[in-house]
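[1] Predicted coordinates and the sequence they were generated for:
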Amino acid sequence: MAYIERAITPVLKARAAASKCLLITGARQVGKSTLVKHIFSEYHRANFDDRLTRLQAREEPKLFFMNNPRPLFIDEVQKESSVLEEIKLIVDDSDERGAFILSGSQKLELMKGMSESLAGRVSVSELCGLSMREIHEISFNKHFIPTDEYLTERERNIKPYTNLWETIHRGSYPELYDTQRDWQDYYASYVSTYLERDINEIISTDSLTFTKFLTAAAARTGEMLNYANIANDVGVSEPTIKSWISVLERTGIVYILQPYSAGVLTRAIKTPKLYFRDTGLACYLTKWVSADALKNSAVAGNMFETFMVSEILKSYSNEGKDYRFNVFYYRGKDKKVSAENEIDLIIEENGVLYPVEIKMSGNPKASMGAANPVLDKIPDKKRGMGVILCLVDKKTYLRDNLLALPIEYV
């Protein structure tokens with residue numbers, strides 16, 4: 001399979017040169033090991049998926065580091081986090097930069113280990129699945145924000161996103177962009193590997209029940225997170241579902257989008273939304289076996305929204321930025337109307353709130369941004385340009401502060 005150049009590469013090179021340790025997190029099979037081997041080929045490698053390697057690191061750490069000299073790349077490091085204490089001793093005794101590159105697919109567990117052992121010594125980056133920019137070989141690498149400056153610069157690098165629904169259905173794992181790889185077989189193997197290697201080490205349940213849970217969660221991508229509803233479908237308790245959702249989040253399978261919280265928005269709903277990070281996996285779990293069937297289905301809107309939210313998050317990660325404190329959504333009732341208002345995404349930057357609607361439509365209307373004025377109530381914040389991300393073929397102003405934007409601008 002030909003290597004696809006990853007947008008985050010310059011960020012990782014710069015951080016490795018400036019930090020004693022570099023940590024790369026991301027879901028299983030997003031390409032962490034391949035990326036490190038490609039751009040840091042001079043590093044020695046150890047993989048903690050291998051039990052014997054883990055055993056030596058745990059029981060004889062000094063011998064492990066003698067057999068695996070620096071610079072060293074350790075893959076799936078969260079599986080033997082005791083090694084972090086030894087790494088701390090090594091880096092504290094040296095001014096060497098880029099001594100260790102660590103990677104793993106259980107982000108929050110890794111972060112716990114890092115905060116305890118390597119605080120101030122490690123630079124953390126997230127690798128996601130392939131973005132549309134990477135698939136279409138677009139070098140532009142700034143996070144999506146609908147300012148005049150961003151839009152002008154992005155326009156210089158626009159390419160049409162052909163075969164959109166084939167891409168949504170296929171998903172973003174790099175191996176699927178080898179034309180010889182069968183989609184059904186890949187995701188069957190992925191789910192099996194995920195259950196066997198990750199889930200069994202975190203929770204104790206039978207694989208059939210957890211697969212049922214995965215399917216129930218995938219069926220709700222793009223929706224508000226209702227633990228009780230999922231619990232009823234799966235036949236387990238609500239606290240169990242909360243615990244399992246947390247597992248999906250920290251292993252990079254889902255993203256939990258938080259509601260925008262401001263004291264003046266007293267009628268805002270506080271429930272987060274659930275998004276799968278990979279639409280191909282969501283399609284596999286919910287048994288949409290072709291792009292055409294998906295495109296014409298009742299879930300097409302939710303899957304399109306899931307895809308675009310994921311693309312926006314990737315634009316942050318690939319630039320080396322943390323999106324968690326910049327991207328939210330809003331849903332609430334205005335006193336003047338009985339229906340609920342919703343803003344799919346609110347992107348906050350430099351005290352400005354940018355409302356973004358995601359619509360699977362080629363005929364956007366100004367009414368799609370009707371909820372945007374609710375942001376004017378928030379003190380000390382300004383409302384920026386509103387955007388309808390949709391299937392139009394050119395940038396179109398619907399109002400002076402509302403823009404219909406082709407998805408290629410993300």
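    Arrived safely, thanks for sending.

[2] wait, what's in contact with residue 330?
    Residues near residue 330 by CB atoms under 8 Å, 6 or more residues apart in numbering: 259, 260, 265, 268, 341, 342, 343, 346, 355, 371, 374, 375. (Each C-beta comes from the backbone N, C-alpha and C, glycine too.)

[3] how about 6 Å then?
    Counting by CB atoms under 6 Å, 6 or more residues apart in numbering, residue 330 touches 260, 343, 346.

[4] Any chance of TSV for those residues, columns pLDDT, distance to residue 176 and neighbour count?
    Conversion of the contacts of residue 330 to TSV gives the following (pLDDT from 0 to 100; distance: CB to CB, whole Å; neighbours: other CB atoms under 10 Å):
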residue	pLDDT	distance to residue 176	neighbour count
260	91	34	22
343	95	32	23
346	97	32	23
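
[5] Closest one of those to residue 328?
    For the contacts of residue 330, the minimum distance to residue 328 (CB to CB) is 3.9 Å, reached by residue 260.

[6] Pull the contacting residues for the closest one.
    328, 330, 346.

[7] what's the closest non-adjacent residue to it?
    Setting aside the residues directly before and after it, residue 260 is nearest to residue 328 in space (CB to CB, 6 or more residues apart in numbering), at 3.9 Å.

[8] I'd like to know the beta-bridge partner residues of residue 47.
    Here residue 47 sits in beta bridges with residue 75, going by DSSP bridges.

[9] That one is in contact with residue 74, isn't it?
    No - the criterion here is CB atoms under 6 Å, and residue 47 misses it with residue 74 at 7.8 Å.

[10] now what about stretch 137-153, what contacts it?
    Residues outside stretch 137-153 that contact it (CB under 6 Å, 6+ apart): 7, 157, 159, 312, 315-316, 318-319, 321, 349, 354, 385, 387, 410.

[11] re earlier: distance check, the residue nearest to residue 260 against residue 120.
    Look at residue 328 and residue 120: by CB to CB, to the nearest Å, they are 29 Å apart.

[12] what's the residue nearest the centre of the chain in contact with, if anything?
    Computing the C-alpha centroid of the chain and ranking residues by CA atoms, centre = their mean puts residue 277 first, at 5.1 Å. Neighbour list for residue 277: 255, 310 [criterion: CB under 6 Å, 6+ apart].

[13] out of residue 328 and residue 120, which sits in the busier spot?
    Per other CB atoms under 10 Å, whichever of residue 328 and residue 120 has more neighbours is residue 328, with 20 against 8.

[14] Can you pull the phi/psi pair for that one?
    Phi and psi for residue 328, reported as degrees, to the nearest 10, are phi -140, psi -180.

[15] quick revisit: give me the buried subset of the contacts of stretch 137-153.
    The neighbour count (16 or more other CB atoms under 10 Å) marks 7, 312, 315, 316, 318, 319, 321, 354, 385, 387, 410 as buried among the contacts of stretch 137-153.

[16] Residue 357 belongs to a strand?
    Yes - assigned with DSSP: H, G, I helix; E, B strand; the rest coil, residue 357 falls within a strand.

[17] wait, it sits on residue 366?
    No - assessed by CB under 6 Å, residue 357 is found out of contact with residue 366, at 10.9 Å.

[18] ok, now which ones touch residue 248?
    So residue 248 contacts residue 254 (CB under 6 Å, 6+ apart).

[19] 7 Å instead, please
    217, 254 (CB atoms under 7 Å, 6 or more residues apart in numbering).

[20] same deal with the one 10 residues further on?
    Listed by CB under 7 Å, 6+ apart, the contact partners of residue 258 are 272, 328.

[21] Farthest pair within the contacts of stretch 137-153?
    Among the contacts of stretch 137-153, 159 and 349 lie farthest apart (CB to CB), at 25.4 Å.

[22] phi, psi of residue 353?
    Taking degrees, to the nearest 10, you get phi -110, psi 120 for the backbone angles of residue 353.

[23] count of residues packed around the closest residue in space to it that isn't next to it in sequence?
    Closest residue in space to residue 353, ignoring its immediate chain neighbours: residue 375 at 4.8 Å, by CB to CB, 6+ apart. Counted with other CB under 10 Å, the neighbours of residue 375 add up to 23.

[24] Point out where the stretch 151-300 of the chain drops to low pLDDT.
    Scanning the stretch 151-300 of the chain with the threshold set as pLDDT under 70 gives 262-267.

[25] hey, where'd the strands end up in it?
    223-224, 254-257, 273-276 (DSSP state E, counting those that start in this stretch).

[26] who does the last one pair up with?
    Meaning strand 273-276. Partners of strand 273-276 in its sheet, by DSSP bridges: strand 223-224 (antiparallel), strand 254-257 (antiparallel).

[27] Of all those, which one comes closest to residue 244?
    Closest to residue 244 of the strands paired with strand 273-276 is strand 254-257 (CB to CB; 10.4 Å).
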